[in-house]
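Trainee: Fold the following for me, if possible:
(chains A and B)
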Amino acid sequence: MSILFSLAIVAGSTAALPQQCLETTHHADGSVSQRWVERPGEGVGASASSSSGHRSSASSSVSVSSGSHGRSQSSASSNSDGHGRSVRVEQDSDGCRITIDERSPTGE
Amino acid sequence: MKIGSIIFASAALLAAPALAQQTTGTSAATPDGKDVNASTYGSGTVTPTSQEVTGGGAAGATDGTATSDSSAKFNDHMAMQRSTAEAQNDDARARSRTMTHTNRNGLVHSNSMSLYKEKGERPVVTHDNSVVTPGESGE
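Mentor: Numbers count the residues shown, from 1 in each chain, chains lettered A, B, ... in the order given. Prediction:
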């Protein structure tokens, strides 16, 4: 079965730019694009997409709060017939924390 | 003396007005039981010291593609979120979108819509809108 899969990832901070997140998009055709997302405290986002020969699904969520907490987080996941990965992004004044969980086709 | 102070302080706390909290949210989903579906939701809360928005989306397709995107931003004056979900195959397409924004004055506004369309059929559209203005209770 031919499975095409793409997932936009809001990826981690770098030493040079500890207060920014990098968004990396792996397109279904194998290409990758990246862009800097907005500065922490101002914006965060996540997206996911998938396609396959049978059932595709995608989900995303985001939550931000301002005021005394000053934190934000977002997450995205995508899967298709047991293939897929999920990405969780937490962003606050310390920068970005990214957790990527990738499942193999066998679910291992 | 101390007991009197404690009683006085407790009474003062009980007499103080409750902190105002404004909350509302909306959601929209395409019809169940179809090969393509999409749904989104969002909500916002404002208190005297904070603003919060949250939302998400999900999409599914049989023999097709599904995408979902959620983003949010905030500053000292406002917070807003936007979630979209889309799914399509050769026979139908489903879309859903929710946007929520708040401001520090206590306004919370959430708006959702969904659209489902099969080839050759009229689209099925739903809307959900909720606004809480300063001084109102959202729930």
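
Trainee: Next, the contact list for the residue lying closest to B:His77 once chain neighbours are set aside, please.
Mentor: Leaving aside its chain neighbours, B:His77 sits nearest to B:Arg104 (5.6 Å; criterion: CB to CB, 6 or more residues apart in numbering or on different chains). Where you see a C-beta, it was placed from the backbone N, CA and C, and this is true even at glycine. B:Arg104 makes contact with B:Val46, B:Gln51, B:Asp76, B:His77, B:Met78 under the criterion CB atoms under 8 Å, 6 or more residues apart in numbering or on different chains.

Trainee: Quick one: mean pLDDT over stretch B:66-75.
Mentor: Averaging pLDDT along stretch B:66-75 yields 78.

Trainee: Kindly report the same for stretch B:78-89.
Mentor: 90.

Trainee: gap between it and the chain center?
Mentor: Remark: stretch B:78-89 is offset 11 Å from the chain centroid, using CA atoms, centre = their mean, to the nearest Å.

Trainee: Buried among the contacts of B:Arg104? Need that as a selection in ChimeraX.
Mentor: The ChimeraX selection below is limited to those of those classed as buried (16 or more other CB atoms under 10 Å in any protein chain shown):
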select /B:46,51,78
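
Trainee: Relative to B:Thr65, which of the contacts of B:Arg104 is nearest.
Mentor: The closest of these to B:Thr65 turns out to be B:Met78 (CB to CB; 33.3 Å).

Trainee: phi, psi of that closest one?
Mentor: phi -150, psi 160 (degrees, to the nearest 10).

Trainee: Distance of the closest residue to it other than its chain neighbours relative to chain A?
Mentor: Of all residues not flanking B:Met78 in the chain, B:Asn103 sits nearest, at 4.7 Å (CB to CB, 6+ apart). Applying CB to the nearest CB, to the nearest Å, the value for B:Asn103 to chain A is 11 Å.
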